[in-house]
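Asks: coords please:
(chains A, B, C and D)
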Number of protein chains: 2
Amino acid sequence: MTAKTRTYGDACGIARALDVLGSRWAMLVIRELLFGPLRFSDLERALPGASTNMLSYRLRELTDSGVITRRRLSPPASSAVYELTDWGREVEPILNDLGSWGLRVSKPDPATLSPTSVLLFLRGGAKVDPKTPDMVFRLVIDERVFAVSLHAGHVKVVSTEPDVPDATLECDPGTVNDLLSGEIDLETAIDTGRATIDGDQSKLRILIASVADEV
Amino acid sequence: MTAKTRTYGDACGIARALDVLGSRWAMLVIRELLFGPLRFSDLERALPGASTNMLSYRLRELTDSGVITRRRLSPPASSAVYELTDWGREVEPILNDLGSWGLRVSKPDPATLSPTSVLLFLRGGAKVDPKTPDMVFRLVIDERVFAVSLHAGHVKVVSTEPDVPDATLECDPGTVNDLLSGEIDLETAIDTGRATIDGDQSKLRILIASVADEV
DNA sequence: CCGCATCCGTTTCGATACTG
DNA sequence: CAGTATCGAAACGGATGCGG
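Replies: Numbering: from 1, shown residues only, chains lettered A, B, ... in the order given. Down below sits the predicted model:
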């Protein structure tokens, strides 16, 4: 059954992009894959509200149109993962811009927040003074480990274990977001048990402050 | 009946943007409004395939969320127009990027092409040598007049009558597109009656060539 | 003609249940 | 874990009609 998706039938590049990315959940699936390959169930967890049904269908569509690929992991762990193709990775700046634009939309009331969203926000929102000394953090959100590094005023976020981090911060996505948007401060987060810190707390404070200023 | 649109229920900026722009035709409506206010029927013509039904609903939604405004024209012409708010105008760069990304998607078979799409393409695709002398054109597509100017290697497209154009080009959207993408040349277009030219043809040729090179 | 409401068939989506 | 099957609900597309 060849998926004859509904098309805009418009030769414009925008319409053609939407023919591929315009259906519900498509862009959010891509958002989730921005920090590396994920399994079906990872996506399911990151996108509650998307039915398994929809997910598998969208994944097939995106695979067919060449935005993502399905790959089987090597023998020991024999599960399948989905990952962005080179072309798919090129939507990242678009999603970033869309994300900044969307900040002016009021938050939905019961709101989820995936680790990925927060990390994108961190990466995109930070404009740090280039004279700030370099630093590396180990960020643990929802069991997933990320290396967050500050180098020459540029924030980098990668989905790996950092070597020699200056500090480790472990907490849930909501807390990271509240910290970055300045809604709570680090002390409160620690005291209320929402965050666990290990290492150089002052450096972490610098990073957080620089992002919070932007917002 | 307050439009309680389906929401992603996700606090991420991307998801919130999609709560507003994610439904079918929404972004294309915005695309059409990028060059200035339009009436309901103008939108209808530019977006065949969108039912009047859908259009009026989308327009209300976009108005409610503050992306566009509805304004009544002054007395003589007492019709209403829709136009982007400042915030709405900020999606332009996003749509441009989306448009470039989407060029790699194969064209739908029976494909329409609105004047707006072509002009966006013209504006976005042209990287002209800054040493090229300035020029101004009068472009007439589907009865709509635009001023296309080349100044210091930058292409500007505005929806107004230009004063003192170097040349006038009148044709349908498809032809402009074919010219810009190098699929036909100016001579052929004129000979086959697809384009009508008045004024300095050589200058027009320079503009066209510089865009076609990009593609 | 313009802006929209209404009716109706089709497609897409969402929730739950169920299988390899 | 990684999806498919099923089914009701919502969104969409097309046609028509109606008051400015």
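Asks: Tell me, domain by domain, which residues of chain A belong where.
Replies: For chain A, automatic domain parsing gives the domain ranges A:3-102, A:115-212.
Asks: Correct me if wrong: A:Arg71 contacts A:Gly36.
Replies: No. A:Arg71 lies out of contact with A:Gly36 (C-beta atoms under 8 Å); the separation is 11.8 Å. In short, each C-beta sits where N, CA and C put it, glycine included.
Asks: anything in contact with each of those two?
Replies: Counting by C-beta atoms under 8 Å, 6 or more residues apart in numbering or on different chains, the shared contacts of A:Arg71 and A:Gly36 are A:Glu83.
Asks: Contacts for stretch A:168-178, please.
Replies: By C-beta under 8 Å, 6+ apart, the residues outside stretch A:168-178 that reach it are A:113-115, A:117-118, A:121-122, A:137-142, A:184, A:189, A:194-199, A:204, B:11.
Asks: From A:Pro108, how far out is the most centrally placed residue in chain A?
Replies: By C-alpha atoms, centre = their mean, the mean C-alpha position of chain A lies nearest to A:Thr116, the distance being 2.2 Å. With distances taken as C-beta to C-beta, to the nearest Å, A:Thr116 is found 17 Å from A:Pro108.
Asks: Low-confidence bits of chain A, can you list those?
Replies: Residue ranges of chain A with pLDDT under 70: A:1-4, A:125-126, A:212-215.
Asks: All the helices of it, residue numbers only.
Replies: A:13-21, A:26-33, A:40-46, A:52-64, A:86-89, A:92-102, A:115-125, A:173-180, A:186-191, A:201-214 (DSSP state H).
Asks: mind putting those helices in CSV, distance to DNA strand C included?
Replies: Formatted as CSV, these follow (distance: least, C-beta to the nearest atom of the strand, whole Å):
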stretch, distance to DNA strand C
helix A:13-21, 11
helix A:26-33, 8
helix A:40-46, 10
helix A:52-64, 4
helix A:86-89, 19
helix A:92-102, 18
helix A:115-125, 18
helix A:173-180, 20
helix A:186-191, 31
helix A:201-214, 31
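Asks: Among the ones you listed, which comes closest to A:Lys156?
Replies: helix A:115-125 (7.4 Å; C-beta to C-beta).
Asks: Next one: that closest one, is it in contact with chain B?
Replies: Yes. Residues of helix A:115-125 contacting chain B under C-beta under 8 Å from any C-beta of the partner chain: A:Ser117, A:Leu120, A:Phe121.
Asks: The residue lying closest to A:Glu83 once chain neighbours are set aside and A:Ile94: what is the separation?
Replies: Excluding the flanking residues, the one nearest A:Glu83 by C-beta to C-beta, 6 or more residues apart in numbering or on different chains is A:Pro37, at 3.7 Å. Look at A:Pro37 and A:Ile94: by C-beta to C-beta, they are 20 Å apart.
Asks: Which one's more surrounded, these two?
Replies: A:Ile94 (22 against 17; other C-beta atoms under 10 Å in any protein chain shown).
Asks: For that one, give me its contacts.
Replies: Listed by C-beta under 8 Å, 6+ apart, the contact partners of A:Ile94 are B:Ile94, B:Asp97, B:Leu98, B:Trp101.
Asks: now do 6 Å
Replies: Shown in contact with A:Ile94 (C-beta atoms under 6 Å, 6 or more residues apart in numbering or on different chains): B:Asp97, B:Leu98.
Asks: and DNA strand D, which of the contacts of stretch A:168-178 contact it?
Replies: Among these, not one lies near DNA strand D by C-beta under 7 Å from any atom of the strand.
Asks: which among these end up buried?
Replies: Those of the contacts of stretch A:168-178 that meet the buried threshold are A:113-115, A:117-118, A:121-122, A:137-141, A:189, A:194-195, A:204, B:11, by 16 or more other C-beta atoms under 10 Å in any protein chain shown.
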